[in-house]
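Trainee: what shape does this take:
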Amino acid sequence: MQESLDKKRKAAERVTLIGSAIDLALGIAKIFVGFIANSGALIADGVHSLSDLATDFLVIVVLRFSHQAPDRDHPYGHGRYETVATVVLGAILIVVGLGLAYEVLMEMIENPNREAPGILALVVAGISILAKEWIFRYSLKIGKELKSDLLIANAWHSRSDALSSIVVFFAVGGAMLGIWWLDALAAIAVGAFVGKIGWELVVKNINELVDTALPPERVKEFRDVVNAIEGVLSVHDFKSRGMGNQAILEMHIQVKPYLSAAEAHYIGDCAVQALQAKFDDIGHVIFHIDTFDDRPFQDVICSIMPERKLIKAKAMEIVKDVISSDIDTQDVDLMLFYHPEYVDLEVRLTHKVSDLAKTTNLTQRDIERQIEQKLTAENWCREVKVWWSSQV
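Mentor: Residues are numbered from 1 along each chain as shown. I've put the predicted structure just below:
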């Protein structure tokens, strides 16, 4: 599992480092050309590009933490680091979007008759649009492949830079043509769009922090895989939540009551393996084995059935009374099948009990019937089967 996490981290770091290099080159170019070509909007856009380096650094640092293997202090892994960082990055997007619209709009209102910028500013803005749009699409593709909200958020941050360059492009073009208000209109639209993306990321990841369940259609896919496992009668009480780019699942798996504990847990392990084989984002699965459908009993107080030692004592008392007082504890073995409302029993008798039974005037069937009648007379016992050593 850690090998897969390291592979994802390296892929995410690679795309982030490429984006950082582009941000650095564009930021320097925009600021330099902005001063030469007399474009305040291009200078501001250059500062915006350089600010992206801070978020790129945030992404790389968080990826280092979030893709570490689970440890004693973080038994479910470190995926929450990515969730918290995505909330922060979403908030940055909101501020960037609103700030972009406000600053460009105020600039147009306060200085509508400023000197028109040169053609070089238009060229650099065009190059910036193409470069940032490419890194946006590349980052978004890798982010979706890795199911990383943090990488997707950073991709949209790159898109915000591309959109701000579009604003600059039209602002420069509009100023060169004398249509100054085009910049203000574009700034408002771009700011609203970037702010909307940031808001959606914040809401989505805050929902994850408070353990909101995964989408119903996603949960159905998980349930279908578990229900298809041989030996699973039903799966219920299915709980799900996200942690970074991984899904954490809890469920109750119902199996036949006569299965051994080992076989029942083997069926549960098969369900986990099937889930992890089909879905590459399964982080942790907790399953509880049920030998009956416990859903009707979750909201009521059920009477507690007697424990094994009390049932064994009662069974020994009855067997000795029916057959012989010479029977020892090791001559009677029990299989107990608990239910919230009753206990079913299998009473297994050894050869010694069989030999002692022959000294009575009762047939094996008579002995079985008496043991069954006496045990089922107890208010906790529903059904009894008696097995002799030759039948076991």
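
Trainee: the strands in this protein, which residues?
Mentor: Under the criterion DSSP state E, strands of the chain are mapped to 234-243, 246-254, 282-290, 332-339, 342-349, 381-388.

Trainee: can I get these in CSV with mean neighbour count, mean pLDDT and distance to residue 310?
Mentor: Where C-beta positions appear, they are placed from N, C-alpha and C, glycine not excepted. Conversion of the strands of the chain to CSV gives the following (neighbours: other C-beta atoms under 10 Å; pLDDT from 0 to 100; distance: least, C-beta to C-beta, whole Å):
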stretch, mean neighbour count, mean pLDDT, distance to residue 310
strand 234-243, 18, 89, 30
strand 246-254, 21, 91, 27
strand 282-290, 17, 90, 23
strand 332-339, 16, 90, 11
strand 342-349, 20, 90, 10
strand 381-388, 17, 88, 12
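
Trainee: residue 79: which of those strands is closest?
Mentor: strand 234-243 (3.7 Å; C-beta to C-beta).

Trainee: thinking again about what came up before, nearest to residue 13, out of the strands of the chain?
Mentor: strand 246-254 (18.3 Å).

Trainee: adjacent strands (with direction) for that closest one?
Mentor: Applying DSSP bridges to the sheet, strand 246-254 is found paired with strand 234-243 (antiparallel), strand 282-290 (parallel).

Trainee: so what's residue 234 up against?
Mentor: 227, 253, 254, 293 (C-beta atoms under 8 Å, 6 or more residues apart in numbering).

Trainee: need the residues you listed in JSON lines (columns: distance to residue 137).
Mentor: Below are the contacts of residue 234 laid out as JSON lines (distance: C-beta to C-beta, whole Å):
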{"residue": "227", "distance to residue 137": "39"}
{"residue": "253", "distance to residue 137": "42"}
{"residue": "254", "distance to residue 137": "47"}
{"residue": "293", "distance to residue 137": "50"}
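
Trainee: related to what we said a few turns ago, mind giving me a markdown table with the strands paired with strand 246-254 and columns for distance to residue 153?
Mentor: Shown next, in a markdown table, are these (distance: least, C-beta to C-beta, whole Å):
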| stretch | distance to residue 153 |
| --- | --- |
| strand 234-243 | 15 |
| strand 282-290 | 20 |
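
Trainee: residue 168: which of the ones you listed is closest?
Mentor: strand 234-243 (37.4 Å).

Trainee: CA atoms only for that closest one - export them in CSV, please.
Mentor: C-alpha atoms of strand 234-243 as CSV (Å, rounded to 0.1, in the frame of the first residue of the first chain):
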residue,chain,number,x,y,z
SER,A,234,-26.5,-9.6,3.5
VAL,A,235,-24.5,-6.5,4.3
HIS,A,236,-26.0,-3.7,6.4
ASP,A,237,-25.1,-0.8,8.7
PHE,A,238,-22.7,0.3,5.9
LYS,A,239,-20.8,3.4,6.9
SER,A,240,-18.5,5.4,4.7
ARG,A,241,-16.3,8.5,4.8
GLY,A,242,-13.5,10.1,2.9
MET,A,243,-10.0,10.7,4.1
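
Trainee: can the strands of the chain go into CSV with extra columns for distance to residue 17?
Mentor: As requested, the strands of the chain are arranged in CSV below (distance: least, C-beta to C-beta, whole Å):
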stretch, distance to residue 17
strand 234-243, 25
strand 246-254, 24
strand 282-290, 26
strand 332-339, 58
strand 342-349, 64
strand 381-388, 67
